[in-house]
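J.: fold the following.
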Amino acid sequence: MQLRRFTADSTPAALSAVRLALGDEAIILANRRLGDHVEIIATGQMDDEETMAAIAQMSVGELEDTIADNPVPSAVLESTSTSASSVPEAYGKGNGQPAQSVRAPTIVDKKNNISSHPVLQEDKISISELSQAIETESTGTRPLAPLGTMPGPTRGGVNQASAESSKGEAASTPRVTVKDEQSSDQRSAAMDDFKVQLAHQTDLINNHFKSLEINLWGSSAPDRGAHLQQLFALGIGAELAIRLVERTQPGTTLDVALRQSFALLKSTLPIGRDKTMSVPGVTVMSGAPGSGKTTALIKLATEHVKKSGTQSIVIICADIRRIGAFEELQAYARLLGVPTVHAHDTEELESLLEAFNHKQMVLIDHTLSASDDAIKLPECLLNPVEPDSVRQLFTLPANTQASAAEALISKHCSGRSIQCVLTHLDTNGRLGELFNAIIRHHLPIAYWSDSASVQAPLQKADASVLVASAVAMSRRIAPSPDDQWLQRLIQPSHSVFSEPPLVVGQTALEAS
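T.: Here you go, the predicted model:
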């Protein structure tokens with residue numbers, strides 16, 4: 001086994017050298033700080049199981065004694081700027097022997113430094129031009145992998161993903177054949193347990209170093225810091241924003257990096273195709289009170305009346321929670337000349353569906369509620385014989401908070417064949433806050449609406465237009481002081497917390 005020592009001015013620089021020399025599968029055995037430098041001892045091989053088991057029991061001091069007896073080629077990193085292509089040459093030009101001095105690439109771009117006093121810009125963005133640019137930029141862009149939840153400990157304190165990966169490694173690693181089968185089985189079991197524990201420790205170290213790397217973007221990589229701040233301004237959550245930034249190359253200008261992120265976001269957003277206007281059947285418009293479901297339903301009814309008249313359509317109100325819901329829906333339907341009926345429970349709703357089975361379009365106004373006072377949809381709508389004949393749409397306002405959208409989608413959309421209608425795009429909100437939950441739960445977007453007028457039809461979803469709309473909506477709202485402080489906490493810079501203390505009346509709130 002060949003051990004290597006890597007010394008650098010910072011942990012990210014040392015980790016970069018480890019990846020360049022040993023690859024992404026490198027095993028970190030020890031790390032410590034020596035004065036102003038960071039030292040990491042790592043290896044890229046696991047060919048000797050007994051040696052690995054012995055090394056795992058050693059402390060950093062014992063490792064140092066072992067390395068002193070058996071000199072390890074070291075790679076000392078200097079904090080000077082060089083190109084990334086020159087790094088492999090410093091490691092002996094492919095002969096496997098590292099040189100004595102390797103310079104780590106350092107990227108510093110002061111042009112895109114984040115201003116501590118954001119200025120609210122006027123909403124002068126052209127959605128059509130930006131959507132066309134996103135469409136062009138996204139050609140051939142590979143979507144992001146599905147978003148997941150934060151990793152949590154499992155039984156024994158071992159992360160499940162780490163355990164599974166380590167089991168895979170254990171299965172692919174040939175076991176040593178010995179004469180005593182019982183001793184071999186015990187040794188193999190011990191090695192399997194050791195690999196699980198090692199994978200768990202490696203996962204913890206990698207997550208810790210990754211958080212440190214992101215935290216240092218504010219001072220060591222201002223271009224990436226500005227990129228992340230712009231994505232936060234759209235309302236995009238931390239997980240999605242960080243993954244978008246990581247998919248861009250370090251040193252990319254802010255303008256190019258944002259275009260690449262918008263194109264990647266466009267290719268990741270799930271887009272659905274609703275068949276309400278093309279296939280006869282039932283369409284259920286569900287949503288929380290005030291989400292714009294009644295307006296969206298009337299928009300569909302208006303479009304159908306323009307094409308096919310009033311004889312082939314009926315509207316059923318299944319909202320018993322909101323006072324005046326049926327009267328409001330009936331007033332709109334009377335203007336269109338469309339009959340409207342009221343269902344008071346699930347049985348009555350099912351009987352009405354049988355009575356209007358001959359209609360080309362049946363629209364159901366259905367409300368969602370956190371309690372059990374809402375009408376539950378009958379089985380014929382939840383599990384239809386012909387899936388194309390039953391469509392379920394879920395209205396989600398653009399001014400919904402990210403946590404509320406996550407809760408609504410998790411409760412009412414998971415495990416169901418349902419599509420989303422984004423409403424209230426004309427309000428002061430951040431559409432980007434909905435993207436995380438929509439992508440995480442893979443909720444297809446069928447329509448969007450930026451007008452409360454029932455005469456304006458629903459717009460079919462287009463990812464480029466939605467991303468451009470999110471950019472335009474974010475420019476209507478100035479970052480709050482809390483947003484600015486949170487950004488500084490995530491990515492502190494040299495001028496962090498330089499603003500005067502908060503003042504209430506004549507009393508300054510200063511840290512004690």
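J.: Thr7 belongs to a strand, doesn't it?
T.: Yes - using DSSP: H, G, I helix; E, B strand; the rest coil, the assignment for Thr7 is a strand.
J.: how does this structure divide into domains?
T.: Following automatic domain parsing, one finds the domains of the chain at 4-103, 281-461.
J.: would you list those in JSON lines and tack on mean neighbour count and mean pLDDT?
T.: From N, CA and C alone the C-beta is placed, and that goes for glycine too. Converted to JSON lines, the domains of the chain look like this (neighbours: other C-beta atoms under 10 Å; pLDDT from 0 to 100):
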{"stretch": "domain 4-103", "mean neighbour count": "16", "mean pLDDT": "61"}
{"stretch": "domain 281-461", "mean neighbour count": "18", "mean pLDDT": "90"}
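J.: so which of the ones you listed gets nearest Ser261?
T.: Closest to Ser261 of the domains of the chain is domain 281-461 (C-beta to C-beta; 11.2 Å).
J.: for the closest one, measure first residue to last.
T.: The straight-line separation of the ends of domain 281-461 (C-alpha to C-alpha, to the nearest Å) is 21 Å.
J.: kindly report the same for stretch 22-42.
T.: Terminal-residue distance, stretch 22-42 (C-alpha to C-alpha): 8 Å.
J.: wait, Glu135 sits on Arg259?
T.: No - counting by C-beta atoms under 8 Å, Glu135 does not reach Arg259; the two are 11.3 Å apart.
J.: Leu443 belongs to a helix, doesn't it?
T.: No - if the criterion is three-state DSSP, then Leu443 is coil and not within a helix.
J.: and the gap between it and Pro270?
T.: 6 Å (C-beta to C-beta, to the nearest Å).
J.: one more: Glu239?
T.: 17 Å.
J.: kindly report the same for Ala17.
T.: 39 Å.
J.: got the contact list for Ala374?
T.: Neighbouring residues of Ala374 by C-beta atoms under 8 Å, 6 or more residues apart in numbering: Ile320, Arg321, His366, Thr367, Leu368.
J.: so it, which of the three states?
T.: coil.
J.: from Asn399, how far off is the closest residue to Thr423 other than its chain neighbours?
T.: In this structure, Thr423 finds its nearest non-sequential neighbour in Gly292, 3.6 Å apart by C-beta to C-beta, 6 or more residues apart in numbering. Gly292 sits 10 Å away from Asn399, going by C-beta to C-beta.
J.: overlap in contacts of the two?
T.: Listed contacts common to Gly292 and Asn399 are His424; contacts here mean C-beta under 8 Å, 6+ apart.
J.: helix, strand or coil for Val18?
T.: Secondary structure state of Val18, per three-state DSSP, is helix.
J.: surely it and Ile40 touch.
T.: Yes - using C-beta under 8 Å, Val18 is in contact with Ile40, at 6.1 Å.
J.: need the overlap of contacts for these two.
T.: Phe6, Ile28.
J.: for whichever strand or helix holds Phe326, packing partners?
T.: Taking DSSP states H and E as the criterion, the element that holds Phe326 is helix 325-336. Applying 3 or more C-beta pairs under 8 Å, 6 or more residues apart in numbering; DSSP states H and E, we find helix 325-336 packed against helix 293-308, strand 313-318, strand 340-342, strand 361-367.
J.: how about the first one as CSV, C-alpha atoms only?
T.: What it means is helix 293-308. Provided in CSV are the C-alpha atoms of helix 293-308 (Å, rounded to 0.1, in the frame of the first residue of the first chain):
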residue,chain,number,x,y,z
LYS,A,293,-58.9,27.0,-8.8
THR,A,294,-62.3,28.4,-9.6
THR,A,295,-60.8,31.0,-11.9
ALA,A,296,-58.7,28.3,-13.6
LEU,A,297,-61.7,26.1,-14.0
ILE,A,298,-63.8,28.9,-15.6
LYS,A,299,-60.9,29.6,-18.0
LEU,A,300,-61.1,25.9,-19.2
ALA,A,301,-64.9,26.2,-19.5
THR,A,302,-64.7,29.4,-21.5
GLU,A,303,-62.2,27.9,-23.9
HIS,A,304,-64.5,24.8,-24.4
VAL,A,305,-67.6,27.0,-25.0
LYS,A,306,-65.8,28.9,-27.7
LYS,A,307,-64.9,25.7,-29.5
SER,A,308,-67.8,23.4,-28.9
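J.: report the angle between that helix and strand 361-367.
T.: 170 degrees (axes from the mean of the first three to the mean of the last three C-alpha atoms, to 10 degrees).
J.: got the contact list for helix 293-308?
T.: 276-277, 283, 285-287, 312-313, 315, 325, 328-329, 332-333, 336-338, 360-361, 363, 365-367, 393, 395, 421, 423, 447, 449, 452, 454-458.
J.: which residues does the residue nearest to Thr423 contact?
T.: Counted by C-beta under 8 Å, 6+ apart, Gly292 has contacts Thr395, Pro397, Val421, Thr423, His424, Ser449, Ala452.
J.: any chance of those residues in TSV, with distance to Leu489 and secondary structure too?
T.: Formatted as TSV, these follow (distance: C-beta to C-beta, whole Å; DSSP: H, G, I helix; E, B strand; the rest coil):
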residue	distance to Leu489	secondary structure
Thr395	35	strand
Pro397	30	strand
Val421	36	strand
Thr423	34	strand
His424	31	coil
Ser449	37	coil
Ala452	39	coil
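J.: so which of these is the closest to Glu347?
T.: Distance to Glu347, by C-beta to C-beta, is smallest for Thr395 among those, at 25.6 Å.
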